[in-house]
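**Student:** fold the following and give me the result.
(chains A and B)
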Amino acid sequence: MNLLSLIPPVLALILSPLLLGVINRVKARFAGRRGPPLLQVYYDLAKLLRKGAVYSRTTTWVFRAGPVVGLAAVLTALCLMPLGGVPALWKFPGDFILLTGLLGLMRFAMVGAALDTGSSFEGMGASREVWISALAEPALLVALATLARQAQELSLTRICAALSEQHWLHTGPVLALVVVALGLVLLAENARIPVDDPNTHLELTMIHEVMVLDHGGPDFAFILYGAALKLWLFAALVTGMVIPAGSLSPWPNLVAGLGGVFLVAIGVGVVESVMARLRLLIVPQLLVGAGALAATAFLLGLK
Amino acid sequence: MNALLLVALALLPATGFAAWFWGRTGRNPSGLAAAGVVAASVFGGLPAIYVLLGGELMPWRFPWPVPGGEFHLETDALTAWFLVPLFLLSACAAVYGAGFWRNGIATRRLGNAWLFYCLLVFAMMLVLLARNALLFLFAWELMALSSFFLVVFEQERATVRRPGWIYLGLSQAGAAFLFALLLILGHKANSMDFTHWAWRGVDSPVLAGVLFALAVLGFGAKAGFVPLHIWLPEAHPAAPSHVSALMSGVLIKTGIYGLIRTLTFLGEPAAWWGGTLLGIGLLTAIFGVTFALAQHDLKRLLAYSSVENIGLMAAGLGLGLLGWCLGEPVVGVLGLAAALLHAFNHTLFKGLLFLGAGSVLHATGSRQFEDLGGLLKPLPWTGALFGLGAVALCGLPPLNGFLSELLLMLTAFGSVLSPENPLAVAGLLTVAVLALVSGLAVATFSKAFGVTFLGEPRKPTTTPQENTGTMRAAMCILAAACVAVGFFGFMLVTPLQRVVAVLSPQFPKLFPASPSPLVWVSGAGVALLVLVAGLAVWRKTLLARRTVDATVTWDCGYARPHPRMQYTASSFAQPLTALFRALLRNRVRLSPPTGILPTAARLATEAPDLCAERLARPLFARLTTRLARWRWLQHGNVQLYVLYIALTLLALLLWKLR
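**Tutor:** Residues are numbered from 1 along each chain as shown, chains lettered A, B, ... in the order given. Alright, predicted model coming up:
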């Protein structure tokens, strides 16, 4: 096992809440505000971890298990994700299928916890969550299939390593389309604008936030941290596709990967600043569109 | 070892008739019958496991006084692979049934039911073991009839009789194709013995294609390929729950087994077979999961989910055949292995889920989602085990469903990498459909689990009773099997290598050897468990010395929340059913609230089966009118039928003498 491979997960554990801080700072700048401190999410996490908890009398162990299982799943998934050209801790043919499986487990746990409260708000959020993810998953996997075919490899690490600047030179449009598709999936899976608005204050319009209305204290800290890690995972995925990693030595690679992840966060912030949330009925079109883009890329890449 | 298998074969009908007699004398035969089935399963399971571990069993041949027939039984790895889940689920379902059919039902009826249960297990065993076409057809018909009598156990209700007729009609129609298939094969080889057919192949590609189509139709009717699936959502809810478990877990898999067995007779496959099977599989999977999502009845939902899973197996098999024909034997072996492993896994978790549905029905008297809710508190065991089965069915790690999902996806990704463009496009299509289906399965089963077991009871009832010891034990065994396969799935690789050798001797070498992805998945599963345990302990220590309060669910300050205000199953599924309305054609009857002070308003939605409504119903209506003019032939008079038989024989004799 490569000791270097320990660095990406550790960086993710330390830096992922900063991504949310960066997004909020970019949004504040666009709005002409000063915005919350960059480290605000760390403060929030520390505060939540020091609190007690209040549980609804309707809930059972499913409600308490949701955040724990969700965070454990996304932590396991971290071991599968390379950063820049640094290989992941675990790499095997089809590791990205395990990655999507783990994210699915996280979703199932959170949906179960939401339904456990018996609240219509949370039921509605859960319903929308499974609706959006059912449409985002084909787009994600078709995009990965396109990349796997381009790289002729079946593990994330090897795909990232095989995609070099030569690919960008020869099949640039293919990769560009895939990156756009992956970007749309990132926004949908992480409950960002234009699919979901993390800052809305009306329960009826939320998706992710409304599912966690009843969570508090350490449970909510787990959820918040899990969401930050999930954002990191997708940002690292998009970065890995864009950066031609094969040609650099490990340390510049790592810096480039890190830079890429934060650039993605800035990009999310820009999108959130210049766009409004889409009507819910339009969201399927967006996700089917993402899948269609990825499929087009696949067909373009056929020889 | 061979003798043990014979003992199992003899014990099953003996148990059945003993239970029947026992019921006639007014005693409850459930305990006796369950003990017999469990013993037969142990006796039969050991030789099957022995074969999977590399043992060899001598075939038996006993004379059978039927022209062309012979009592020829053989246990190869393919048979053993299907026998193991058959015995496991039969034993668990019988133990569960002993608790389920405890009291309150006439012992005479119980005796009859147990007789058919034992005959069904016996027939399925014989279908898997038979190596003679006539014996196979005999077992196939016995299987259809005994399961029909089990489906109509509550025959006094019209809602049970109608599904029973649909099932009987469709399984006889399917059997007609199998008669044609096996008789043509027998005629060509001039023998009814399977060993004379294997590896010979059929010389003309047109005839091979026709035989393949017959097999898809005949076995597809049993397995539930769209549009031949229409009996599943009818028969499964009508049958007692442990019978549904057995039918959905094992009986429909005999269709998959038959299809694979037939492929060994037909020789080199053609690419269009694979393409057809892949298309049917993907269509069946999408159709099944979409209709599962729209159901209001827990057992109907599970039945449609079985349709979906059969579709996944067919897709794996089809893509494998396509890869095999287009010069990618690795894809071929992966697809076959994925289909086989999925068949194995589906037995475990679907059996568990049907038993769970039975416990819900037993406790509340209802299968309708809008009557259920909050059952996890009164039924903690049923709820937890059903939840585990749901996670496994959704193909989520670390349980067994994920392993077959992984193999299916690897098949698809393997074909995506192929230099053959048609195979790559087929692979991409499979990737997209599999991803969509797994997303929809998560939606379906979070609905099934969430609406049934979580939240508040939607209808005030008396406190539901948790299931008793034997019922719980049966569910626990199946759940433990799901977990064990999830964590030790890599140990199934060697048996699978033996099984895939049945289709092509070069296959075992191509199967990804260790360290296979399955080992990594098991490792990740262990890591996940450790993390869950660690985080749970951390959370507990964090909360240990702090105030932990209990209150109501956040209700926006509304003064009088009511359980009826919860999100319903229909509303949970609505965004997705709206998206797929072109396929579902769901009917909505709405009387909206009107006026300034609205009073009663109603909304009812219904998703009748598209194939049953648009295809089967018009077809059978037309058939009925067309065939009505021949009704004078049918008098229900036995003497007349004997006359028909005699006339037919005479005609055949004259034709032969001509």
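**Student:** just the helices in the stretch 51-200 of chain A please.
**Tutor:** A:61-78, A:95-116, A:120-151, A:156-162, A:165-189 (DSSP state H, counting those that start in this stretch).
**Student:** quick one: the second one to helix A:120-151, angle?
**Tutor:** Okay, so that is helix A:95-116. Angle, helix A:95-116 to helix A:120-151, by axes from the mean of the first three to the mean of the last three CA atoms, to 10 degrees: 180 degrees.
**Student:** can helix A:95-116 be said to contact chain B?
**Tutor:** Yes. Applying CB under 8 Å from any CB of the partner chain, one finds helix A:95-116 in contact with chain B at A:95, A:97-98, A:100-102, A:104-105, A:107-108, A:111-112, A:115-116. Where you see a C-beta, it was placed from the backbone N, CA and C, and this is true even at glycine.
**Student:** just to revisit the earlier point, can I get the helices of the stretch 51-200 of chain A in JSON lines with mean neighbour count and distance to residue B:415?
**Tutor:** Formatted as JSON lines, the helices of the stretch 51-200 of chain A follow (neighbours: other CB atoms under 10 Å in any protein chain shown; distance: least, CB to CB, whole Å):
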{"stretch": "helix A:61-78", "mean neighbour count": "24", "distance to residue B:415": "26"}
{"stretch": "helix A:95-116", "mean neighbour count": "27", "distance to residue B:415": "15"}
{"stretch": "helix A:120-151", "mean neighbour count": "26", "distance to residue B:415": "10"}
{"stretch": "helix A:156-162", "mean neighbour count": "24", "distance to residue B:415": "17"}
{"stretch": "helix A:165-189", "mean neighbour count": "19", "distance to residue B:415": "19"}
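**Student:** what would those helices look like in JSON lines with distance to residue A:48 and mean pLDDT?
**Tutor:** Output for the helices of the stretch 51-200 of chain A, formatted as JSON lines (distance: least, CB to CB, whole Å; pLDDT from 0 to 100):
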{"stretch": "helix A:61-78", "distance to residue A:48": "11", "mean pLDDT": "96"}
{"stretch": "helix A:95-116", "distance to residue A:48": "16", "mean pLDDT": "96"}
{"stretch": "helix A:120-151", "distance to residue A:48": "19", "mean pLDDT": "94"}
{"stretch": "helix A:156-162", "distance to residue A:48": "32", "mean pLDDT": "88"}
{"stretch": "helix A:165-189", "distance to residue A:48": "23", "mean pLDDT": "90"}
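**Student:** of these, which approaches residue A:228 most closely?
**Tutor:** Among the helices of the stretch 51-200 of chain A, the nearest to residue A:228 by CB to CB is helix A:61-78 (9.3 Å).
**Student:** contacting residues for the residue of the stretch 451-600 of chain B found nearest chain A?
**Tutor:** Residue nearest to chain A within the stretch 451-600 of chain B (CB to the nearest CB): residue B:567, separated by 2.6 Å. For residue B:567, the contacting residues are A:115, A:120, A:122, A:123, A:124, A:126, A:127, by CB atoms under 8 Å, 6 or more residues apart in numbering or on different chains.
**Student:** find the nearest non-adjacent residue to residue 122, please.
**Tutor:** Because you didn't say which chain, this covers chain A. Of all residues not flanking residue A:122 in the chain, residue A:114 sits nearest, at 4.0 Å (CB to CB, 6 or more residues apart in numbering or on different chains).
**Student:** that's the wrong chain, I wanted chain B
**Tutor:** Using CB to CB, 6+ apart, the nearest residue to residue B:122 is residue B:12, at 4.0 Å.
**Student:** same deal with residue B:478?
**Tutor:** In space, residue B:478 is closest to residue B:352, 4.1 Å off (CB to CB, 6+ apart).
**Student:** check residue B:188 too.
**Tutor:** residue B:202 (6.6 Å).
**Student:** in the chain, which residue is closest to the centre?
**Tutor:** Went with chain A since none was named. The centroid of chain A falls nearest to residue A:231 when counting by CA atoms, centre = their mean (3.3 Å).
**Student:** hmm, I had chain B in mind actually
**Tutor:** Note: chain B centre (CA atoms, centre = their mean) maps to residue B:248, 3.1 Å.
**Student:** that's all I had, so thanks and see you.
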